[in-house]
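Trainee: With the sequence up front, the predicted model follows.
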Amino acid sequence: MADLIGSKIERKEDRKFLTGKGRYTADINLPRQTYAYFVRSPHARAKITKVDHSKAMKAPGVIDVFTGDCVVKDKVGGLICGWKIVSQDGKDMKCPPHPVLAKDSVNFVGDHVAVVVAETLEQAKNAAELVNVSYKIQKAVIKTEEATSFENIHEGIDNNLSFDFLLGDKGKTNEAFSKADKIVKLDVVNNRLIPNAMEPRAAIGDYNASSDELTLYTASQNPHLDRLIMSAFNAVHPEHKFRIVAPDVGGGFGSKINVYAEDVVVAYASKKIGRPVKWVAERSESFMSDNHGRDHVTHAELALNSDSKIIGLKVDTIANLGAYSLVLAAVTPTYLYAPLLLGIYDIPTACCTVKGVYTNTAPTDAYRGAGRPEATYVIERIVTEAAKEIGMDQAEFRKKNFIKKFPHQQCLVHNIDSGNYDAHLDKAIELSDYKNFENRRSQSAKKGKLRGIGFSTYFEACGVAPSAVVMSIGAGVGLWESAEIRFNPTGNVSVFTGTHSHGQGHDTTFAQIVGDKLGVAIENIDIVHGDTDKGPFGMGTYGSRSLAVGGTAIVNACDKIIAKGKKVAAKMLEGKPEDIDFKGGEFILKNSNKKKTIGEVAFACYLPGTFGDVKSPLPEGVEPGLIETSFFDPSNFSFPSGSHICEVEIDKETGETKLVKYTVVDDFGTVINPLVVEGQVYGGVAQGVGQALYENAHYDESGQLTSASYMDYTMPRADNFPQIKIDYTCTPATSNPLGAKGCGEAGTIAAPAAVMNAVIDAVGTDVQMPATAEKVWKALKKNGSKKAAA
Amino acid sequence: MKNFNFKSPTNTKEAAKLYTGKATFLAGGMSLLPAMKLRLAAYSDLINIKKIKTLSGIKISSKSLRIGATTTHAEVAASKEVEKTISSLSKLADGIGDPQVRNRGTIGGSIANNDPAADYPSACLALNAIINTSKRKIPADKFFKGMFETDLKKGELIESVEFEVPEKSGYAKFPNPASRYAVVGVYVSKLKSGIRVAITGAAHSVFRSKELEEALTNNFSPSSIDNVKIGSKGLNSDIHASAEYRAHIIKVMAKKAVSSC
């Protein structure tokens, strides 16, 4: 089984998903189930003067209606910010109250005001139309850059400023800039995105009065964290009597990290009415009320010396938090963003400020990449502009400034353990046939098309995260991970992981690791996740952490199994534990032909009695059973990196951009299953291309979300893509025994800059994301008139 | 979706009789059903006309092409006769929505709904179509009244659409990247009676462009469009395209349509 690591094994879970046998929260129906429908704010900002639900209460099938008053009376806690940031003046960030049902005010279109619980969904919806909420409408602030000059939308939060964050040394950076031979300046907007997981959010609360147990089925990336938050902060139910099940989950991308109001409310309502309460988001609710992503406005400056070396970086960003601060809302645009602005360049000094502002829009939070796509976009755009301004080749300028020696302590936060940046860039240059690009440009010109090329040489910090580090900078929890390996008496294995698979392919990848370590066939290995009643507490899946952190916990648990197995095998083989080797699923006594398979040893562990002549195989002091648990806390982040090279063709007449060539070379350290990794890269690139060319969450001036359906919000589709070429280089991570670095977000992190650098190369002037046909056409027109004037 | 009565008549007389209260006809349901699901529309009675056999099918004569109201976009796109007679029309049908929409959506439903960004209304105007209803024959020029508004009276049912077979015709669409409706769609035709240019997606309802018709009457070639001035006044401006951009795209699509003739 030793060749399992690195094998292209088809995903074990695909059969059920592709044949419609997946079991999502919406597929679960419980006896005596009721249905919840939420009354949401149609206004971006308003005071609630009255909620009259008397008519709704009398409507057919209605069991109960809950409002903001009810949750206050029953002391249901509000939603929390899980990672708090300190401003540069030493003060804590400001978080407004975020009740699960609004009582006094609403702050974005879709804000949750009341819930109707009825016998059928139709009855709940009909009755919801009868809930009469009186609003006093107020002027809303929508635009990121205008938030601080608008009146306070939350009491006590002046200038709508949650925090004013600083990272780096301002004095040293200014000094470097004063010595610069060249300063490159850039303004970029990172557009707001809507996550659009294929499965909309859903939740079922199920309270059992006889056992006083509460079960919540919910589409979540991290059921244990949800339970912790809901018992400790929302006071829904005590943790030991509270079970959260996140069954099959159809995509998260960060949008299913948060405990949402709907989770808390269905759990609470189930306790109140003593029956299960089910809620499934309609797609329009997903658009309005899932956390949104990105939404930054940034000014950046890069200082160069006369030798074309980068000597300093300054970045000032305004990050739109939306109406409230969600669980990772503050850390995403600060610690997950600012340190990454250095990219893979040897930059001696830098500083970055981030203003986190509140507006009357859907709250933002982590979205695939979380902070890193925003940072990569800034550095990869400005590095490209710098090379252009000094007339140097894109690749040459990058290589000249790459970090060459490892480990490398960056000037902001990260200590990068390993990497070889020239290697992946060289490989990408070769694969993309960079040297013949100008020929391809001329060919395109003959067809009347403008061709452009763009580079993005990214890195990211994955494997979140060393608990001591993250807790020292405001995280409310440590970010270790757990694993438990249970050998069953018949020799098959149940592996419990605290991570959660919602598309990542853990059932296959983790089984490969266990199969490789223990010599068990992967069909005899079951990966169990997503149920707080089954495995030990775990932190869930986000930040490309599952393999580097969760996978390592699994490896460590396997090592414990082998250590115990050796003791038992020694007794069975009449040798000493130190003389037992374990290889390919067999315990072998050195210098003999005596051996026992791991299945035999596991069986023996469960049958420690004496049967006739057979004495117990368990040595004295060794407990029966073969179950081992491990908790792994990494010593450092892991640092994947890679090179993307993108080519586009632009139609001069319409401004339409077509992706014509895309090359990726990634260094993910050890790759367990190249097939799973390829899937992650394709999907990630598609999502990044979506941000660059198509996707845009748009609010009008009054705060109505005008891109609230697939009629108006453009998702990337298969016919938008050429075949993407993918290859790898490998420098193993030193922070975990697998050498794995993380791959789940890389495509989304690198692609926007690669695509936009190509678009801007073709157009010859600045364009902001998304590069829609009209924007490109206008830029071409502007550029044309500029050229004509010159 | 609110509750409603569902009726499936097998002939048009029965359909007319069943039309009572706050009723509406249901063909493919590709626009009606989403609107009802979102509770933007509610009816007491849905009269399903898909069981009325006489409303479906394609019939060709030397001068005209008649398409039954419940004929789906996929059927029109796949029809060899349509391709032979008016190939631009099969191209148009093949570019509506996505495969699911084309398999359910119907020509009658499309023009009765008169979505300002729908494709078929432009074909009706450009090919001087007659809309045959349960009560009368309506020339396309008088049929499309405004945004989602037609000349149809309450309970009046479209039975078929009769297109004039042109000497030449072409359709070019600049699709909305999200919905793939037309941001601008231009249908150009050379009929016995003259040149027609119909534009969809650009304004509150489909319309004919006098400027483009004049230019193409003088010289039916893409280059004759270069000097035409298309103003942005009266054109739509939304998150997908400004009026200025739409005005520009009208010319680009018109040239493309003429080139494809």
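Mentor: Perfect, thanks for sending it. Residues are numbered from 1 along each chain as shown, chains lettered A, B, ... in the order given.

Trainee: Surely residue B:254 forms part of a strand?
Mentor: No: Residue B:254: not assigned to a strand; according to DSSP: H, G, I helix; E, B strand; the rest coil it is helix.

Trainee: any idea how far chain A is from it?
Mentor: To chain A, residue B:254 is 12 Å away according to CB to the nearest CB, to the nearest Å. C-beta: built from backbone N, CA, C; applies to glycine.

Trainee: can you pull up the bridge partners for the nearest residue to that residue once chain neighbours are set aside?
Mentor: Computed as CB to CB, 6 or more residues apart in numbering or on different chains, the closest residue to residue B:254 that is not its neighbour in sequence is residue B:186, at 4.6 Å. For residue B:186, the beta-bridge partners under DSSP bridges are residue B:172, residue B:199.

Trainee: Does residue B:186 touch residue B:172 like I think?
Mentor: Yes: with contact defined as CB atoms under 8 Å, residue B:186 counts as touching residue B:172 (5.5 Å).

Trainee: between those two, which one's more packed in?
Mentor: residue B:186 (31 against 24; other CB atoms under 10 Å in any protein chain shown).

Trainee: Could you pull up the contacting residues of the more buried one?
Mentor: Neighbouring residues of residue B:186 by CB atoms under 8 Å, 6 or more residues apart in numbering or on different chains: B:122, B:171-173, B:197-199, B:212, B:250, B:253-254, B:256-257.

Trainee: What residues does the stretch 1-150 of chain B have near chain A?
Mentor: Neighbours of chain A within the stretch 1-150 of chain B, by CB under 8 Å from any CB of the partner chain: B:1-3, B:38-39.

Trainee: With pLDDT as new columns, can those residues be given to me in JSON lines?
Mentor: Shown next, in JSON lines, are those (pLDDT from 0 to 100):
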{"residue": "B:1", "pLDDT": "84"}
{"residue": "B:2", "pLDDT": "84"}
{"residue": "B:3", "pLDDT": "90"}
{"residue": "B:38", "pLDDT": "92"}
{"residue": "B:39", "pLDDT": "92"}
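
Trainee: Now tabulate those residues in CSV and tack on secondary structure and neighbour count.
Mentor: Below are those laid out as CSV (DSSP: H, G, I helix; E, B strand; the rest coil; neighbours: other CB atoms under 10 Å in any protein chain shown):
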residue, secondary structure, neighbour count
B:1, coil, 14
B:2, coil, 14
B:3, coil, 9
B:38, coil, 13
B:39, coil, 12
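
Trainee: Of the residues you listed, which pair is most distant in space?
Mentor: Maximum pairwise distance in those, criterion CB to CB, is 15.7 Å, between B:3 and B:38.

Trainee: In chain A, what helix or strand scores lowest on average pLDDT?
Mentor: helix A:773-789 (a mean of 88; mean pLDDT, DSSP states H and E).

Trainee: For that one, output the C-alpha coordinates as CSV.
Mentor: Extracted in CSV, the C-alpha atoms of helix A:773-789 (Å, rounded to 0.1, in the frame of the first residue of the first chain):
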residue,chain,number,x,y,z
ALA,A,773,-17.0,44.1,-22.1
GLU,A,774,-18.3,47.6,-21.6
LYS,A,775,-15.4,48.5,-19.1
VAL,A,776,-12.8,47.2,-21.6
TRP,A,777,-14.5,49.0,-24.5
LYS,A,778,-14.5,52.3,-22.5
ALA,A,779,-10.8,51.8,-21.6
LEU,A,780,-9.9,51.1,-25.2
LYS,A,781,-11.8,54.2,-26.3
LYS,A,782,-10.0,56.3,-23.6
ASN,A,783,-6.7,54.9,-24.6
GLY,A,784,-7.4,55.5,-28.3
SER,A,785,-8.2,59.1,-27.7
LYS,A,786,-5.1,59.4,-25.5
LYS,A,787,-2.9,58.0,-28.3
ALA,A,788,-4.6,60.2,-30.9
ALA,A,789,-3.9,63.3,-28.8
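
Trainee: Within the helices and strands, which one has the residue nearest to residue A:40 when sequence neighbours are not counted?
Mentor: Setting aside the residues directly before and after it, residue A:40 is nearest to residue A:110 in space (CB to CB, 6+ apart), at 5.0 Å. For residue A:110, there is no host helix or strand (DSSP states H and E).

Trainee: What is the neighbour count of residue A:110?
Mentor: 23.

Trainee: show me the contacts for it.
Mentor: A:40-41, A:285, A:288-289, A:362, A:705.

Trainee: 6 Å instead?
Mentor: A:40, A:288-289 (CB atoms under 6 Å, 6 or more residues apart in numbering or on different chains).

Trainee: In CSV: those, plus secondary structure, neighbour count and pLDDT.
Mentor: What follows is those, written out as CSV (DSSP: H, G, I helix; E, B strand; the rest coil; neighbours: other CB atoms under 10 Å in any protein chain shown; pLDDT from 0 to 100):
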residue, secondary structure, neighbour count, pLDDT
A:40, strand, 22, 98
A:288, helix, 20, 97
A:289, helix, 23, 97
